[in-house]
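S.K.: generate a structure from the sequence data that follows.
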Amino acid sequence: MHETNRIKFKKKLNDSFEKSVVSFLNYPGGGEILIGIGKDGIVLGVGNTNKTATKIIERIRKKIRPQTDGLFDVVPLEIDDKKIIRVIISCGPQRPYYIKKMGMSEEGCFIRIGNSAKPIAEETIEEMLSKRQQFTLQSMASPSQDLKFEQIRTYYREKGVELTKRPAEDLDLCNKDGYNYAAYLLADDNGVSIRVLTYAGTDRTDMFEALEYGNHCLITSTKHVLEKLDSEKSELRKTADGRSDKRHLNDIAMREAVVNAIVHNDYSMGVPLIEIFSDRIVVTSSGGLVTDLLAEEFFKCRSMPRNRELMRVFRDVGLAGQIGSGIGQILRAYDRSVFELKPDSVSVTFPFTGEFITPKGKIKTKKITDTPDMMNKIGIVDDKEDSILNVLRSDPNATIPEISELTGKSLRTISRRLREYQDSGVVRREGARKNGRWIVVK
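M.R.: Below is the predicted model:
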C-alpha cells in the first residue's frame, strides 16, 4: 500500500490530524486517513481502537468548522492481524472547511495536493465561498416550529441509543432561528411526501396508481416506500407470450438507489420520485450532482453529500451505509448505463428484463461476470468473488482501499486475491507501483 492524493497514512493520532481531515473536506471527492500504518505502508496497528475512534469523532466535531456530522465515517479494520482505523471523509458542500482555532485563513484552510495537505490561498478561499451551496437544510428554517420527534427517538432506541429530551439539538436540527428544514423533514408531522407512480405499460400514457408516502418522519416514509417496492417486485406479471413471470431485479441495488435519492435530494427543487413501469423501475432525485463533483468521480464512488444532516441520521438508524458505499453497491450489480445524470436530476433505471429504453435507444444490461474457466484456474467457486475483477475492469487505476470500499471485502482479502489473480495470469500489473494500472486478461 502507498499514499496517494486520496489516501493518507498515520502511525498514530497526532497533532496534524485535523489538518489532514480539512484537506480532504475541501478536496473534490474527499479521501481517507488510515491510522496505524506508517509512511512506508507497513501496518503497525492501533492499541485501543474503540478509545481512539471516540477521540477521532470528538476532535472532528469540535475542532473543525463548518459542522461535519454526516461527512465522515470512522471504521475499525484489521490487516495482517493488526487493528487499524479507517477515517473516510467526504468533500463537504460548505467549503472552505477550516480548523476552528485558526479561523478561515491560510493558517486554517487546507486542501489535498498530491500526497500532502497544502494551505489554501486567500483568493481561493474567496472563490470557494462564492460557490457555497446556497440552499442547505441547516440554513433554511422549518415552516413550522411546533415539531415533535417521537418517531426518530424510537428508531434510535431500536439501535440502543437514547436521545436526550432535546433530540433536535443532539442531531444538529437547529439554527439561530429555531428548527431548521432537516428538523421539519425528520419530525413526526410535516408536509413532504415521496411520490410513487405506477403505469400499465412501458411509458407514461396509462398511469393507474399514484401514491404519496409522507407527512411524517422521512425515515418512516422511506421504510414505507421500500416495503411498497418489495411487494411490487415480487408480484407476478404477464409476459408478451402470455406466460406468468416474476419481476427480477437486484434488491440491494434498488434499496441503495432509493435511500440515496431521498438522502441526497435537493428539497428546494422538488421531492424524490419512483416510477414503476411494466418493464422497469426508475428512481429519480431532484438536483443534479453537487457542484464540483464530476461524473467520473461520482462513478468512482467519491462522495459529496448534499444533506449531511440526513446522511448522519439515516446512517445512525441503519438505513444508509458507509460514505460512498451506495453507488458502489449499485455498480456491483449493474453497469453505468442505468444512471442518467442531468443538471437538475439524477435517475437510476432498474430493468425487470434484460432490456430497457433510454433516450439513447435500447440498451442491454447485464451483470459482468467472469467465465467459469477463468475462475476455475484459481479455484474460486463463489460468484461474489468476481466483484473484484469488475472493479478492476471499471477502474484500472483503483487502489486496494478503493476496491475494498466498492466490494465490501477487507483490505487483507483484496491483497490476497490480487496476488492469486496475478499468479494465475488472470490479472497483470502495468507501470510503476504508484501510478500503474490493473489489466484484466480477457
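
S.K.: could you list every residue that touches residue 387?
M.R.: 332, 406, 407, 409 (C-beta atoms under 8 Å, 6 or more residues apart in numbering). Using the backbone N, CA and C atoms, a C-beta is placed for each residue, glycine as well.

S.K.: check what pLDDT the second one gets.
M.R.: This points to residue 406. Residue 406 carries a pLDDT value of 70.

S.K.: over to the last one?
M.R.: The predicted local distance difference test score for residue 409 is 73.

S.K.: so what's the residue count around it?
M.R.: Residues contacting residue 409 under the criterion other C-beta atoms under 10 Å number 17.

S.K.: count the residues that sit near the residue nearest to it when sequence neighbours are not counted.
M.R.: If the residues on either side of it in the chain are set aside, residue 409 comes closest to residue 388, at 7.2 Å by C-beta to C-beta, 6 or more residues apart in numbering. Using other C-beta under 10 Å, residue 388 is surrounded by 25 other residues.

S.K.: surely residue 388 touches residue 402?
M.R.: No: at 11.4 Å, residue 388 does not count as touching residue 402 under the criterion of C-beta atoms under 8 Å.

S.K.: show the model's pLDDT score for the residue lying closest to residue 189 once chain neighbours are set aside.
M.R.: Once flanking residues are discounted, residue 189 sits nearest to residue 216: 5.9 Å by C-beta to C-beta, 6+ apart. For residue 216, the model assigns a pLDDT of 87.

S.K.: in a strand, residue 438, correct?
M.R.: Yes: assigned with DSSP: H, G, I helix; E, B strand; the rest coil, residue 438 falls within a strand.

S.K.: where does it land on pLDDT?
M.R.: 84.

S.K.: wait, isn't it in contact with residue 392?
M.R.: Yes: Residue 438 lies in contact with residue 392 (C-beta under 8 Å); the separation is 4.3 Å.

S.K.: overlap of the contact sets of these two?
M.R.: By C-beta under 8 Å, 6+ apart, residue 438 and residue 392 have these common neighbours: 398, 427.

S.K.: tell me the domain ranges of this structure?
M.R.: As given by automatic domain parsing, the domain ranges for the chain are 7-130, 193-364, 372-440.

S.K.: contacting residues around stretch 404-415?
M.R.: 1, 77-80, 88, 301, 322, 324-325, 328, 331-332, 387-388, 391, 398, 400-401, 403, 417.

S.K.: sketch out the low-pLDDT regions of the stretch 301-442 of the chain for me.
M.R.: 322, 324, 353-386, 405, 408, 432-435, 442 (pLDDT under 70).

S.K.: neighbouring contacts of stretch 250-265?
M.R.: Contacts of stretch 250-265 (C-beta under 8 Å, 6+ apart): 194, 218, 221-222, 225-226, 229-230, 233, 271-272, 274, 281, 283-287, 290, 305-307, 310-311, 314, 319-321, 325-327, 329-330, 332-334, 346, 348, 350.
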